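Asker: my questions are about this predicted structure, shown below with the sequence.
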Amino acid sequence: MQNEVMFAGFGGQGILMCGKILAHAALEEGSEVVWIPSYGPEMRGGTAYCLVITSDKPIASPIIKNPANLVAMNLPSIDKFAPEVRPDGVILINKSLANVSSGRTDVDEILVPVTEIAIEVGSVKAANIVALGAFVARSKIVDFDVLKEMVKKEFSTKKKFLDLNMNALERGRQAAL
Amino acid sequence: MGKTFKRPEALSENHTHYCPGCTHGVIHRLIAEVIDELGIRKNTVGIAPVGCAVLAYNYFTFDFQEAAHGRAPAMATGIKRVRPDLNVFTYQGDGDLASIGMGEIIHAANRGEKFTSIFVNNAVYGMTGGQMAPTTMPDQKTTTSPYGRDIGQTGMPIKVANLLAALQTDAYITRQTVIRPKDINKTKKAIKQAFTYQLEGRCFSMVEVVSTCPTNWGMTPVEAIKWTEDNLLPYYELGDYKTPQ
Amino acid sequence: MGKILMKGNEAIGEAAIRAGCLNYFAYPITPQSEVAEYLARRMPEVNGVFLQGESEVAVGYMIFGASACGERVFTTSSSPGVSLMSEAISYIAGAQCPAVFVNIIRGGPGLGGILPSQADYFQATKGGGHGDYRLLVMAPASVQEAVEMVMKAFPLAEKYRNPVMILGDGLIGQMMEPVEFPEDLRTEPSNKDEWATNGMSTRGDDKQNLVKSLYLDPTALNDHNLLLKSKYDQMKKEEVLYEPVNMDTDYKALIVSYGTMSRVCKSAVAMLKEEGIEVGMIRPQTLFPFPEKAIADAAEKSSCKIILSIEMSMGQMVEDVERCVKGKLPVSWYGKCGGDVPSPEEIMDVVKERI
């Protein structure tokens, strides 16, 4: 079974890292995985997205026209990617920056005030982790405890951000229930 | 009997292809003598340029690489970085080093690569048949400056030793000539000094040698020496431009 | 050791180290600068050489100089940078030195773009630099394959005393996949005392070694070129690699595709099969030598009506495919090279429309 998620937002929102942590979790579970970034001259503020593909079989095409799921961290991401999501997928929208529906009725759409929650736990920079927690809790694309371990690992060398991000992950999970 | 004149071990028995009156032969011999005296022949790699000295490897008895036009300093960098124990020198003319290879020589010098460049400056392209070089003198006639070098169009001749000495990195930069016996002795001393700095792992070193090209200048060898004294040496002043700290 | 998740560019850098290559010279260019960034950190840890040259022109000759004294050495670049290195590549091939070049292709011509492309097929397989020379060209379709090809490239370069090129695209460099570094691909450098300018004292002899590509005598130059040709002919006999996909069926069409593009085609082949349409595929893993016989044989299949060369370029590999098919079947090209990689659905549509 192949599964995909497109993470999309502004450059600087930690989109690529979000996908990377998920990819590590999938690998930890023994899945095949591909992580594909958008890359380009825009380092801050431009559009950024990354696609994570997981599968129990070797992954052929890294190019996916219709991803199973979408995490949209800003408004342009909804416009660009929401129409492409496959029916029955999860579309997670960052309500703090885009308080709108994708208009899709054939998907599991969830609006989470990701940025606000991140500010509440202590840093707007943790918005990506809030979104990741919410998305994984909702889609169950990987086991949540495995994800938790990967977040812990990611911040193991940045101790002062560890608690903050673990908290962000948990708050994301709760928001998605 | 005093000293006998003999061929240095580092010099092969091949006859050179250089024109009568050309100074490449003298400079080759000086390099060979220095290599013999330092006992480094079996640990030396030379790099031949594109220019009259492209076949220089036929005249030496140690390892040689042949570079593309101007790229000898990059090749020397490659060798010294992976085999710092080898003694490496580039042998380059003015078209090779000061025109097409200017980028490579400046960056190699600026990185302080521990090799030696022997830069033979005779103010003209030799092998291709006497075209204008970056070191050609103002109003000097060449096949591509038939009315004389127009500095309004082509700028002033480049003083390579001065240019490299201006870099902030430690180096040994000197300009010598081989047109008179006393100059030949000084040039040999400079080459020996340059190789010694290299062997000590001290710095980049370049010996610019002001030379003649009777054929492409359209002169006899004797006239060429006179022309060098009158025209080149006042502009390309001899001496050490930089010594390592 | 289990699999680790690595970006293609970083995995390529690590693969070279694991293959025993501790010398790297490079100049930054998108989309492969991560190789240089990775090795700037990593080479000092293994007492290796890392140097950022002043230009790709200079880097090409740093590779030449290092390789000419018999040391394992490699560089990575992307299209415009490889154009600049092509001068040195011609000299290295002419002087018969081993070296490994990795081209993570971006769009062209000129500055082109920075997104994935396969538009350097001609440059890699037909020349790039001047003169009659060939590179042994391998094209990975995954990060794992990139690792293995880089590791195999060094002994191959030494076997033939010829540059080997790994031809990836921006996606191979940028994406992350799980990788492992096979221990059995690590080899000792071959004996180079016969030809390398590594210093007579290193070899313990008194014979000048000369690394050169100049042969002024016409007979000598012709003989030299015949010698080079014999190596390329040997590569054609011994080094062809390709992956057949769905070839044991009565396929109606045959796709020839390599690298990232071939993965998309592989998905399309599987999806078409679900719809009852059998399509075979040959994925060249070496682009030179090209799997000529495999393609010629595949074109003999009576069920096959058309051959499609699908590439992220405007019809480059298709010329080689046509050469192999020799007019026995129609050969058709499909591709894009602006940076948008065609999707499997798009390939399905193309196949359906053309069979």
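Answerer: The structure has been received and is ready for your questions. Residues are numbered from 1 along each chain as shown, chains lettered A, B, ... in the order given.
Asker: where does the stretch 101-250 of chain C get nearest to chain A, which residue?
Answerer: C:M176 (3.9 Å; CB to the nearest CB). In this view, the C-beta of every residue, glycine as well, is placed from N, C-alpha and C.
Asker: that residue bridge partners, please.
Answerer: A:W35, C:K7 (DSSP bridges).
Asker: can you check B:T177 too?
Answerer: B:V210.
Asker: quick one: it and B:R83, what's the gap?
Answerer: 32 Å (CB to CB, to the nearest Å).
Asker: how about C:D233?
Answerer: Taking CB to CB, one finds C:D233 at 33 Å from B:R83.
Asker: more neighbours, the two?
Answerer: Neighbour tally, C:D233 and B:R83, criterion other CB atoms under 10 Å in any protein chain shown: the higher count belongs to B:R83, 23 against 12.
Asker: tell me which stretches of chain A form helices.
Answerer: Along chain A, the stretches classed as helices by DSSP state H are A:15-28, A:75-81, A:114-121, A:127-139, A:144-154, A:159-176.
Asker: which other helices and strands does the fourth one contact?
Answerer: Read that as helix A:127-139. Applying 3 or more CB pairs under 8 Å, 6 or more residues apart in numbering or on different chains; DSSP states H and E, one finds that helix A:127-139 makes contact with strand A:2-10, helix A:15-28, strand A:69-72, strand A:90-94, strand A:108-112, helix A:114-121, helix A:144-154, helix A:159-176.
Asker: of all these, which lies closest to chain C?
Answerer: Closest among the helices and strands packed on helix A:127-139, using CB to the nearest CB: helix A:15-28, at 5.3 Å.
Asker: excluding its backbone neighbours, what's nearest the closest residue to chain C within chain B?
Answerer: Residue nearest to chain C within chain B: B:G78 (2.8 Å; CB to the nearest CB). Counting by CB to CB, 6 or more residues apart in numbering or on different chains, B:G78 lies nearest to C:G65, which is 2.8 Å off, once chain neighbours are set aside.
Asker: the one you found: neighbour count?
Answerer: C:G65, neighbours per other CB under 10 Å, totals 35.
Asker: helix, strand, or coil at it?
Answerer: At C:G65 the chain is in helix, as set by DSSP: H, G, I helix; E, B strand; the rest coil.
Asker: so it touches B:F64, yeah?
Answerer: No: C:G65 is beyond contact range of B:F64, at 11.9 Å (criterion: CB atoms under 8 Å).
Asker: overlap in contacts of the two?
Answerer: With contacts taken as CB atoms under 8 Å, 6 or more residues apart in numbering or on different chains, C:G65 and B:F64 have B:I47 as neighbours in common.
Asker: which residues are in contact with residue 167?
Answerer: Since no chain was named, I'll use chain A. Here A:N167 is in contact with A:121-122 (criterion: CB under 8 Å, 6+ apart).
Asker: my bad, chain C
Answerer: Contact analysis of C:L167 by CB under 8 Å, 6+ apart lists C:103, C:105, C:118, C:120-121, C:124, C:137-139, C:259, C:287.
Asker: only C-alpha atoms, please: export the helix or strand where it lies in PDB.
Answerer: Using DSSP states H and E, C:L167 falls within strand C:163-169. Taking Å, rounded to 0.1, in the frame of the first residue of the first chain, the C-alpha atoms of strand C:163-169 are listed here in PDB:
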ATOM      1  CA  PRO C 163      36.900   9.000 -16.800                       C
ATOM      2  CA  VAL C 164      33.600   7.600 -15.600                       C
ATOM      3  CA  MET C 165      30.600   9.800 -15.400                       C
ATOM      4  CA  ILE C 166      27.600   9.300 -13.100                       C
ATOM      5  CA  LEU C 167      24.600  11.100 -14.800                       C
ATOM      6  CA  GLY C 168      21.900  11.900 -12.300                       C
ATOM      7  CA  ASP C 169      19.300  14.600 -12.400                       C
END
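Asker: done for today, thanks.
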